[in-house]
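Trainee: could you work out the structure for the sequence below:
(chains A, B, C and D)
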There are 2 protein chains.
Amino acid sequence: MPTYSDNGPDPSEQDTNLPPPEQHARQYAAVRDAHETELIEDYVELIGDLLDHAGEARATDIAARMGVRQATVARMIRRLNDQGLVTNEPYRSIFLTERGRTMAEESRKRHGVVLQFLRSLGVDDATARIDAEGMEHHVSETTLGIMHEFTRRQNNGGD
Amino acid sequence: MPTYSDNGPDPSEQDTNLPPPEQHARQYAAVRDAHETELIEDYVELIGDLLDHAGEARATDIAARMGVRQATVARMIRRLNDQGLVTNEPYRSIFLTERGRTMAEESRKRHGVVLQFLRSLGVDDATARIDAEGMEHHVSETTLGIMHEFTRRQNNGGD
DNA sequence: TGCACAGTTTAGCCTTGGCTAAAAAAGTTT
DNA sequence: AAACTTTTTTAGCCAAGGCTAAACTGTGCA
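Mentor: You can find the predicted model right below:
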């Protein structure tokens, strides 16, 4: 039976010491890597959501939902196109490529797991949505699995 | 006309519907805001840690631990100085101002709560450290409080 | 003392992701 | 069809945060 409280050696000591420099550097590098991809993922996820819910993804709607100007969106769309994540013909709606769809689906799933986890923890909906949006890109697969399991138990148990 | 934007409170539907555009935009805005401050906070936190543990904070050490070049650190130090977070004389070690110390302390605390929470959840130490580094800046006060409480219970209960 | 090396700083390049302003295309209304 | 509005695109500005290369300072050792 896996348990939640199976943490490592004496936690009271571990916080006060710094990790070795190389490990420390890898931690920050992981954060920087996440930053590089996360905006891309957010756009792709949003485009996927818009396609599903509204049937089309227009630059205006993306801009309104991202809270940025259309010019910013236009340039980002070009970048997504360059990276083979979307297809778009001038002055037409935007669609996801196969790769784009895969990314959108993964993002959506990941986002959902984090959001539900936060709700399961007892975080109110509005706060959970904001936090999930930011946390989503910094949660490893390992942690994501644990969050998923936690949520499942919480929902089964609290029935 | 699309109807997806005016969704009711029905909880089973909430995941599949998009939030209203303005709320959606505020979520992304919160993430962008966090990004603006988080690197600053990371530097200040690291400088505080180095001062505590090594007695001084040298640019070389900061660079090694952040995993960036010294030139990058040098410019960041200048920014921190401009913002009244550190004091530094040319070719000398770096120190925190009162404001810097406050920020470092808050960051350290926040970081600690998230890290311990992840450990309490059952995440292994190395993974927890990486995830905490990224998540730290995206966790609201509300959620932080809940995480803290969760950890406390877990540690008391699993004793 | 003087020289070499380590550490720091400066200068300047690149990409990203905001922005505004203005041009161009599409859509709507009269 | 012409005129007006909305949407999209393009051009160009700015700050942030990486980088390299080179200049400068300080320290330690022969």
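Trainee: list the contacts of residue A:155.
Mentor: Residues in contact with residue A:155 (Cβ atoms under 8 Å, 6 or more residues apart in numbering or on different chains) are residue A:120. Quick note: C-beta positions are derived from backbone N, CA and C, even for glycine.
Trainee: now do the helix or strand containing residue A:49 against helix B:21-54, angle only.
Mentor: According to DSSP states H and E, residue A:49 maps onto helix A:21-54. Relative orientation of helix A:21-54 versus helix B:21-54 (axes from the mean of the first three to the mean of the last three Cα atoms, to 10 degrees): 170 degrees.
Trainee: and helix A:21-54, what's its mean pLDDT?
Mentor: For helix A:21-54, the mean per-residue pLDDT is 96.
Trainee: what is that helix packed up against?
Mentor: Other helices and strands packing on helix A:21-54, by 3 or more Cβ pairs under 8 Å, 6 or more residues apart in numbering or on different chains; DSSP states H and E, are helix A:59-66, helix A:70-82, strand A:94-96, helix A:98-121, helix B:21-54, helix B:59-66, helix B:125-135.
Trainee: highest mean neighbour count across those, which stretch is it?
Mentor: helix B:125-135 (a mean of 22; mean count of other Cβ atoms under 10 Å in any protein chain shown).
Trainee: report the distance from the helix holding residue A:49 to the chain centre.
Mentor: Mean-position distance between helix A:21-54 and its chain equals 6 Å (Cα atoms, centre = their mean, to the nearest Å).
Trainee: same check on stretch A:138-149?
Mentor: On Cα atoms, centre = their mean, the centre of stretch A:138-149 falls 12 Å from that of its chain.
Trainee: cool, and stretch A:151-159?
Mentor: Counting by Cα atoms, centre = their mean, stretch A:151-159 comes out at 23 Å from the chain centroid.
Trainee: mind listing what's buried along it?
Mentor: By neighbour count with 16 or more other Cβ atoms under 10 Å in any protein chain shown, stretch A:151-159 contains the buried residues A:151, A:154.
Trainee: pull it out as CSV, backbone CA atoms only.
Mentor: Taking Å, rounded to 0.1, in the frame of the first residue of the first chain, the C-alpha atoms of stretch A:151-159 are listed here in CSV:
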residue,chain,number,x,y,z
THR,A,151,-7.4,13.5,-6.3
ARG,A,152,-8.8,10.1,-7.2
ARG,A,153,-8.7,8.9,-3.6
GLN,A,154,-10.1,12.1,-2.3
ASN,A,155,-13.0,11.9,-4.7
ASN,A,156,-13.6,8.2,-4.0
GLY,A,157,-13.3,8.6,-0.3
GLY,A,158,-15.4,11.7,0.1
ASP,A,159,-18.3,10.2,-1.7
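Trainee: and residue A:47, which of the helices and strands packed on helix A:21-54 is closest to it?
Mentor: strand A:94-96 (5.9 Å; Cβ to Cβ).
Trainee: now that closest one: mean pLDDT?
Mentor: Averaging pLDDT along strand A:94-96 gives 96.
Trainee: now do that strand: distance to the chain's middle.
Mentor: That offset, for strand A:94-96, works out to 19 Å (Cα atoms, centre = their mean).
Trainee: and if you look at stretch A:38-55?
Mentor: 12 Å.
Trainee: which outside residues touch it?
Mentor: With Cβ under 8 Å, 6+ apart as the test, stretch A:38-55 has contacts from A:56-58, A:61-62, A:65-66, A:76-77, A:79-80, A:83, A:85-86, A:94-96, A:100-101, A:103-105, A:107-108, A:111, A:133, A:136-137, B:2, B:4, B:16-18, B:28, B:31.
Trainee: what about it, near DNA strand C?
Mentor: Yes - counting by Cβ under 7 Å from any atom of the strand, DNA strand C has neighbours in stretch A:38-55: A:39-40.
Trainee: need the contact list for the residue nearest the centre of chain A.
Mentor: Taking Cα atoms, centre = their mean, the centroid of chain A lies closest to residue A:136, which sits 3.4 Å from it. Taking Cβ under 8 Å, 6+ apart, we find residue A:136 in contact with A:38, A:107, A:110-111, A:114.
Trainee: now flag whichever of those is closest to DNA strand C.
Mentor: The shortest approach to DNA strand C among the contacts of residue A:136 belongs to residue A:38, at 7.6 Å (Cβ to the nearest atom of the strand).
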